[in-house]
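Novice: Kindly return the folded structure for what I paste below:
(chains A and B)
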Amino acid sequence: MGSRSAAAYFSAAVVVLASVGVGLLLDLYGKGSRRFAGIAAPVGSGRERISVVRGSRDLHALYRESGVHGRKLLHLGAFLHYVDVDPALVLPSGGGAFPVVADVLPAYEERLTYRTSLWVAMQAGLVREIQYVQPPAMLSQRLRELSDLDVDVVSIDGRTIVAHDWGARRTITDRFLPGLEPVILNIDASFLRDTTPSEVLSALRSSGLRADLVTLNLSEDNPDVSGDERASLLELARIWAVGSPR
Amino acid sequence: MTHSPKRVALGLVAATVLGAAFRLHGLAEQAPFTDEIQMAFTARAYVERGQFVPSMPHHPNLRNLLLAGSLDAFGDNVLALRTASVALGILTVPLLGLLVLRLVGSPAAAVLAAFVLATDPLHVTFSRQAIQETHAVFFALLGAYLVLRGCDERAGAWTRPGLFVTGGLAFGLGMASKYQVLFPLLVCAAVAAARAWRARDGGTLTLAFVTLGILPLAVLLATDAPWFGRGYGLEDWVFMRTSVLDRMSAGYVPAEMEMNPDRHAWKWFVHPLQGYASFTTTAGRPLVTVGMGNPIVWLLVLPSSFFLLSRPEPRARSGLLQALFWASYLPFVFASRPIFFLSALAAAPFGFGLVAAAAAEWATPARRKYLFTYGGALALVGVLMFPLCSGRALDFPHTAALVARFNPHP
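Specialist: Predicted structure coming up:
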C-alpha cells in the first residue's frame, strides 16, 4: 500500500472513530441529563412518591421542586394540555430599540394555565416526551378528527397516535404501553370520567410500569372537569393511601 | 491574455471591499425585524434549554449557536445579532471567486463572479439580517472548494486527507445551517468517488465516503448538543431529525413568510424582480426590505448555462460548475411545497459563476472592454437596488414602485 493510500485510510479511521465518539458522548450526555425525583417503584404499589395537587400551577411547581428533568411523562386524562404560548405575546416585536435577550421561559411560566401546562413543562425541560392515556371515548373522537395528513402526526396505528412537537415525541392512546424507563405519572381528574378509581388502580398495577413521582391533579382550574370527577380522584387517592391535598 | 496571480488577488480583494461596503453601510442603523428579534430569543433558549422554538425551528441549529455566541461576545445589540451573517456574507465574495477559478480556470470569470456576488441585492439583503441563508451558502462553497481541491490530481498526497476532512467539516456546518447543502455535497462526493475509482485509489475512495458521508452527519449531530441536554438519546435524535424534516417537507410555512407572493422556484431565473420581503415598523414608519435578484445577472443564468453547454471546450471546463448549479436548483423546481425566493441563494452563487464563465468565454480580446462595462452596470444596479436591501425601499420612488407588489395590505 502506498503512503498516500495509508494516509487516506488512517485519516478515514480517525474520522470514523471521532464521529462515533461524538455520537456516543452525546448519547451519554443526554441520558445522563435526566433527573429523577427519587427511587422508582411499581405503579400502584403505594411505595411511589404520590402527591395530590389542586391545579396546573401546583403541578408545575411540584415538578420544579422535585428536580425532575428530561423525563418521560405518562399523563392520564381527557385533555392534552398542549396549547403553545403565542410568541407574539411574550417577545418584543422588531423596529424598536434592541431588547435585552433573556430566557423567555419565565414569561411562558407566567402564562401557564390548564390549556398550556404540559407545553410549558416541555419548554422548561421537565419532560422530554409525553405519553397520553385517554378515556376510550375521547380517543375515538380524536381519531375521527385526525388524519395522517396532519403535519404533526408521524403515524396512526390502530388506537395509537404518534405525533411530535418539533421532534418531541407525543403518543396518544387508550392503553398503557410497555417501557423499561421509570416515568413520572400524572392522573388528571378528567380521566375518571368513564371509569372508577378501583378500575384505574387495578389497571395501573397490571401495567408493569414504574414511577418515581405520581401526581393526582384535581384540575380545579379546568372548567371542563366536573365535581364528580374530582371526587372520584380523591377516592382514588384514598384507596392508594395518600395524605390531604397540596 | 494571461492574468498574474497578483492581479487576480487584487481583483478579488476589490470585490470583497465592494461587497463589504454594500453589507456594512448603515447596518447598525437598520432596525431589527421581528423575526430577527425572535431568532435572538430562540438562540438564547437553545443554548440555555435546548429548545429551538419559536423562530424557524424547521432549520438545523448552527444559526442558534452562532447567534448566541455573538450576543454573548458583543452584547445585546443589532450588530452582534448580525455578526455571523455579515461576516460570512462578506467572506463568500472572494470564496466564490476562488471556487470559480478552480472550476473553470478563468481568472476573468473568477473576478467577475466575485463582483456579481458582491453587488447581488438578494445576497446583500440577507447578509444584513440574522438569518441562516448566508451561512449555508458560505459553508457549501467552502466545502466544494476544499473537496474539489483535494480531488486535484496535481495536489500532493499530503494535502488530500486534510482537504477532505476540512471539506467534510465545512459541508457539515452547511448542513447544520440548511439541509439544501446536501445537494452540492452529493455532487462533490460523486466527483471525489469517481476520480478515486478511476485512479484505483481505495484509500481516497474510503476517505471520500467517510468525510462526505459520516463526518457531515457527525457535525450536524454535534450542533444538536444543547438539544441532547433535554434528556434525549441517539434514537431520539433520529426521530427528531426525521420528523422535523417531514414537517418541513409537508409544507411548513412560518407565519412571518406567509404574506410573500413568490413561491415557485422555476421562476427564479426567468421572471424578473422575484423577491422576498420582510416588514416591520420603526419610529412609526414602515421598514421594508425586499431581497431581489439583479435582473442583468439573474436573467442571464440559464442562457449562460446553455451557451457553455453548446461549445465543446467551455462545456468540458464548466461541467462541474454546471453540475453544482443544476443539482442545487432542480430539487427546488420539483418540490411540491411552496419555495420562497430567499431559497434561491442555494443555487444563485453557482449561477453567478456560470454567467461569469460565459462572459469570459464570450469576451474575445476585442470585446474585453464590455466586461468592464458590465462590471460598472453591476455596481450601478446594485447601488440603485441598495435601498431594497437596507430597509429604505419606501424612501425612493424607483424602489417604492418595486415594493408595491409585496404589500400584504394593498
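
Novice: okay, CA-based contacts and neighbour counts for the rest of this
Specialist: Fine.

Novice: mind checking the SS state of the residue in the stretch 101-250 of chain B that chain A sits nearest to?
Specialist: Chain A sits closest to B:M240 of the stretch 101-250 of chain B, with a gap of 3.8 Å, by Cα to the nearest Cα. Here B:M240 is helix, with the state taken from DSSP: H, G, I helix; E, B strand; the rest coil.

Novice: ditto for the one 5 residues further on
Specialist: Using three-state DSSP, the three-state assignment for B:L245 comes out as helix.

Novice: Next, count neighbours for it.
Specialist: By the criterion of other Cα atoms under 10 Å in any protein chain shown, B:L245 has 18 neighbours.

Novice: and the most centrally placed residue in chain B, what is it in contact with?
Specialist: With distances taken as Cα atoms, centre = their mean, the residue of chain B nearest its centroid is B:V137 (2.4 Å). Neighbour list for B:V137: B:T92, B:G174, B:V181, B:L345, B:A346, B:P349 [criterion: Cα atoms under 8 Å, 6 or more residues apart in numbering or on different chains].

Novice: mind listing what's buried in the helix or strand of chain B with the lowest mean pLDDT?
Specialist: Lowest on mean pLDDT, DSSP states H and E among the helices and strands of chain B sits helix B:312-317, with a mean of 77. Buried residues in helix B:312-317, counted by 16 or more other Cα atoms under 10 Å in any protein chain shown: B:P314, B:R315, B:R317.

Novice: can you check stretch B:319-333 too?
Specialist: Neighbour count says stretch B:319-333 has B:G319, B:L320, B:L321, B:Q322, B:A323, B:L324, B:F325, B:W326, B:A327, B:S328, B:Y329, B:F332 buried, by 16+ other Cα under 10 Å.

Novice: ditto for stretch B:335-354
Specialist: B:337-354.

Novice: Looks like the residue of the stretch 101-250 of chain B closest to chain A contacts A:W166 (just checking).
Specialist: Yes: with contact defined as Cα atoms under 8 Å, B:M240 reaches A:W166; the gap is 7.0 Å.

Novice: low-scoring pLDDT stretches of chain A, where are they?
Specialist: Applying pLDDT under 70 to chain A flags the ranges A:1, A:147-150, A:242-246.

Novice: So which residues of it form strands?
Specialist: According to DSSP state E, chain A carries its strands in the segments A:41-42, A:50-53, A:71-76, A:127-133, A:153-157, A:160-165, A:168-173, A:183-188, A:210-217.

Novice: Arrange the ones you listed in CSV, one row each, with mean neighbour count and distance to chain B as further columns.
Specialist: CSV is the format used below for the strands of chain A (neighbours: other Cα atoms under 10 Å in any protein chain shown; distance: least, Cα to the nearest Cα, whole Å):
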stretch, mean neighbour count, distance to chain B
strand A:41-42, 18, 21
strand A:50-53, 21, 23
strand A:71-76, 24, 7
strand A:127-133, 25, 6
strand A:153-157, 17, 7
strand A:160-165, 20, 7
strand A:168-173, 22, 7
strand A:183-188, 24, 13
strand A:210-217, 23, 16
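
Novice: Out of the ones you listed, which is closest to B:Q129?
Specialist: Of all the strands of chain A, it is strand A:160-165 that lies closest to B:Q129, at 27.2 Å by Cα to Cα.

Novice: sorry, back to before: tell me which helix or strand the residue nearest to the centre of chain B sits in.
Specialist: Following DSSP states H and E, the helix or strand that holds B:V137 is helix B:133-150.

Novice: quick one: is the helix ranked longest in chain A near chain B?
Specialist: The longest helix of chain A (DSSP state H) is helix A:3-32. Yes: shown here: helix A:3-32 in contact with chain B (Cα under 8 Å from any Cα of the partner chain) through A:4-9, A:11-12, A:15-16, A:19-20, A:22-24, A:26-32.

Novice: Quick check on the residues you listed: which are buried?
Specialist: Buried subset of these (neighbour count, 16+ other Cα under 10 Å): A:4-5, A:7-9, A:11-12, A:15-16, A:19, A:22-23, A:26-32.

Novice: in the stretch 51-200 of chain B, what spans have low per-residue confidence?
Specialist: Low-confidence segments of the stretch 51-200 of chain B (pLDDT under 70): B:153-159.

Novice: what residues does it put near chain A?
Specialist: Counting by Cα under 8 Å from any Cα, the stretch 51-200 of chain B sits next to chain A at B:Q51, B:P54, B:P57, B:H58, B:D76, B:N77, B:V78, B:A157, B:W158, B:R160, B:P161, B:V165.

Novice: what's the neighbour count on the second one?
Specialist: Okay, so that is B:P54. 21.

Novice: Contacts only, for it.
Specialist: Shown in contact with B:P54 (Cα under 8 Å, 6+ apart): A:P87, B:Q38, B:M39, B:T42.

Novice: try it again with 10 Å
Specialist: Shown in contact with B:P54 (Cα atoms under 10 Å, 6 or more residues apart in numbering or on different chains): A:84-88, A:91, B:35, B:38-39, B:41-43, B:45, B:254.

Novice: got it, and the fourth one?
Specialist: Contacts for B:H58 were tallied using Cα under 10 Å, 6+ apart; they are A:166-167, B:52, B:178-179, B:241, B:243-249, B:252-254.

Novice: thought B:H398 was touching B:M385?
Specialist: Yes: with contact defined as Cα atoms under 10 Å, B:H398 counts as touching B:M385 (8.8 Å).

Novice: Counting neighbours, go ahead and name the busier of the two.
Specialist: With neighbours defined as other Cα under 10 Å, B:H398 and B:M385 compare such that B:M385 has more, 25 against 13.

Novice: quick one: pLDDT of the more buried one?
Specialist: Looking at B:M385, its pLDDT is 95.

Novice: Show the contacting residues for it.
Specialist: B:119-122, B:290-294, B:379, B:393, B:396, B:398-399, B:402 are the contacts of B:M385 under Cα under 10 Å, 6+ apart.

Novice: secondary structure class for it?
Specialist: B:M385 ends up helix, using three-state DSSP.

Novice: can you pull out the strands in chain B?
Specialist: Ranges of strands within chain B are B:275-282, B:285-292, based on DSSP E.

Novice: ok so, going back, restricted to helices, list the contacts of B:M385.
Specialist: Among the contacts of B:M385, the residues falling in helices (DSSP H) are B:T119, B:P121, B:L122, B:A379, B:H398, B:T399, B:L402.

Novice: Surely the second one touches B:L345?
Specialist: No: contact criterion Cα under 10 Å: B:P121 and B:L345 do not qualify, at 11.0 Å.

Novice: which residues do the two both contact?
Specialist: Here B:P121 and B:L345 have B:G293 as joint contacts, going by Cα under 10 Å, 6+ apart.

Novice: Please name the residues that touch B:A15.
Specialist: Applying Cα under 10 Å, 6+ apart, the residues near B:A15 are B:9, B:21, B:90, B:93-94, B:97, B:111-119.

Novice: in chain B, which helix has the most residues?
Specialist: If you go by DSSP H, chain B has its longest helix at helix B:78-104.

Novice: angle of that one against helix B:133-150?
Specialist: 30 degrees (axes from the mean of the first three to the mean of the last three Cα atoms, to 10 degrees).

Novice: can you give me the offset of helix B:78-104 from its chain's centre?
Specialist: Averaging C-alpha coordinates over helix B:78-104 and over its chain gives two centres that are 8 Å apart (Cα atoms, centre = their mean, to the nearest Å).

Novice: likewise stretch B:242-249?
Specialist: Taking the mean of its C-alpha atoms, stretch B:242-249 sits 22 Å from the chain's own mean (Cα atoms, centre = their mean).

Novice: buried ones in that stretch?
Specialist: Here stretch B:242-249 shows B:S243, B:V244, B:L245, B:D246, B:R247, B:M248 as buried, counting by 16+ other Cα under 10 Å.

Novice: Kind regards, and thank you for your time.
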